[in-house]
Structures are given as C-alpha cells and as structure tokens.
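Engineer: 3D model of this:
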Amino acid sequence: MEKDPFAQLIIWHQEDEHEKIVDNIMKIPQSDRDYDTVSLLARAMNNLERYDEALQQLLTIANLYRMNSCFKQPTNSGNDVEKTEKEG
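Structural biologist: Now for the predicted structure:
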C-alpha cells in the first residue's frame, strides 16, 4: 500500500477497485473530506452504478462552494446579451 493515501486511491481507480475507494473514503469524517477526496468518492460510486449516492457527494461540493462563496457570481446576469439583441 502507498504511503500517500491519495496516491493509493488513484491506484485503486486504475485497478478498478472502486469498492476499496468507497470503503476507505467513507472512513474519513465528512467534515474532513476535501474537494479531491469527495470527487474521487463520487467517481467511484458512479463506477459502481451507485448514481444517487454519487450525485449526493457532488452536491456536497456544490453546497460547500455556495456557502463559502468560492464561485464567482455573474456580474450582469446576462444583461449584456439583452442589450446586444435590442441594439442589433
């Protein structure tokens, strides 16, 4: 087993050991999982055809970013398109 846990997850993905990925990541408290870890978990669940669970994991990422305002918000809400259409 790799010393770097993240590297081991990548190896398991390459070896189609998706259940090992899920089992090991689920041992990590949800509050301690970062973007990359949750992404790997969702990908492994998707590969195991656990689509609803994978989607839930991806939604945790979206909610985290929404709460932390990490996504840049649109500044004009598409108003430039409307102006261009009216002017043209």
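Engineer: Run through the protein and note the low-pLDDT ranges.
Structural biologist: Along the chain, the parts satisfying pLDDT under 70 run over 1-2, 69-88.
Engineer: which residues does residue 25 contact?
Structural biologist: Applying CB atoms under 8 Å, 6 or more residues apart in numbering to residue 25 gives the contacts 9, 33, 37, 40, 41, 44. The C-beta positions use only the backbone N, C-alpha and C, and glycine is treated the same way.
Engineer: how does it look with 6 Å?
Structural biologist: 37, 41 (CB atoms under 6 Å, 6 or more residues apart in numbering).
Engineer: ok, so what distance separates it from residue 17?
Structural biologist: Between residue 25 and residue 17 the distance is 12 Å, computed by CB to CB, to the nearest Å.
Engineer: what's the helix or strand for residue 19?
Structural biologist: helix 18-26 (DSSP states H and E).
Engineer: Now do the next helix or strand after that helix against helix 18-26: the angle between them, please.
Structural biologist: Next helix or strand after helix 18-26 toward the C-terminus (DSSP H and E): helix 35-47. Angle of helix 35-47 versus helix 18-26, following axes from the mean of the first three to the mean of the last three CA atoms, to 10 degrees, is 140 degrees.
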